[in-house]
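In: give me a model of this one.
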Amino acid sequence: MHDHETLESGPSRRDFLQETGAVVAATALAGAATMESPAAELQPGTGGGIGPNAVKITLNVNGRDVQTSIEPRVTLLDALRNYLDVTGCKRVCDRATCGACTVMLDGKVVYACTVLAIEAQGRQIRTAESLYNDGKLDAVPAAFVRADAQQCGFCTPGFVVAMKAVLDANPQAAPAQVEKGLQGNICRCGTYEQMRDAIYALCNTKRGN
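Out: Residues are numbered from 1 along each chain as shown. Below you'll find the model as predicted:
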């Protein structure tokens, strides 16, 4: 019979498991202590970001600076409707597919449900309310009224704002160009024919049969 040599090159399996268990337990306790500690808030100017608590912002809405305090996650749509009582833009799909929340930012149409309110600071925000001044309707909503181009009214503010943006950018726009500018807006009541009447009237063009 041959003698077996004793191997002493490392710890036994039992010693290894005991040491590993102690390390895991210590790590778990340290993690629990960390979880119990309050999370550090991210504040403006700290280099970490803004929030999560409410922050003060200033928005220029229809030519007037207004201030409010919101959480950074609040969209422009919610800030306008729920914090500033500017309710012309409507919440319908809330998924940037219907256009009911359309507003203008520096003259360009955007879905207010897709823009954070804090991102709109320092920019000119125009809503459907801007199309009514001193008791007089702007030519765009006035054309909608004459053509009876609204029913439930939820989509109408988005349509008139988008149409106003097209005509502001190109007062000589042809009806087809105006319609192209409305491709991001949907009317579930189906008043498209009446809207076309309004568009042709605004473009001073006779609509064919």
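In: which residues in this protein form helices?
Out: 13-36, 76-78, 139-146, 156-169, 175-181, 192-202 (DSSP state H).
In: need the contact partners of the last one.
Out: Applying C-beta atoms under 8 Å, 6 or more residues apart in numbering, the contact partners of helix 192-202 are 139-140, 143-144, 146-149, 159, 163, 167, 175, 178-179, 182, 187, 206-207. Where C-beta positions appear, they are placed from N, C-alpha and C, glycine not excepted.
In: drop anything exposed from those.
Out: Buried by 16 or more other C-beta atoms under 10 Å: 140, 143-144, 147, 149, 159, 163, 167, 178-179, 182, 187, out of the contacts of helix 192-202.
In: mind putting these in TSV, pLDDT and distance to Asp134 included?
Out: What follows is the buried ones among the contacts of helix 192-202, written out as TSV (pLDDT from 0 to 100; distance: C-beta to C-beta, whole Å):
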residue	pLDDT	distance to Asp134
Val140	98	16
Ala143	97	19
Phe144	96	19
Ala147	96	23
Ala149	95	23
Phe159	98	23
Met163	98	21
Leu167	97	20
Val178	97	26
Glu179	96	30
Leu182	97	27
Cys187	96	29
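In: quick check: closest non-adjacent residue to the spatially most central residue of the chain.
Out: For the chain, the residue nearest the mean C-alpha position is Thr114 (2.4 Å; C-alpha atoms, centre = their mean). Take Thr114 and drop its neighbours on the chain: the residue closest to it by C-beta to C-beta, 6 or more residues apart in numbering is Ala96, 4.8 Å away.
In: with Glu119 instead?
Out: Leu76 (7.7 Å).
In: so what's that neighbour up against?
Out: Contacts for Leu76 (C-beta under 8 Å, 6+ apart) come out as 103, 112-113, 115-117, 119-120, 125.
In: list buried residues within those.
Out: 103, 112-113, 115-117, 120, 125.
In: tell me how far the spatially closest residue to Phe154 that is not a sequence neighbour lies from Lys206.
Out: Distances taken as C-beta to C-beta, 6+ apart put Lys90 closest to Phe154, at 4.9 Å, once the chain neighbours are dropped. Distance, Lys90 to Lys206, using C-beta to C-beta, to the nearest Å: 32 Å.
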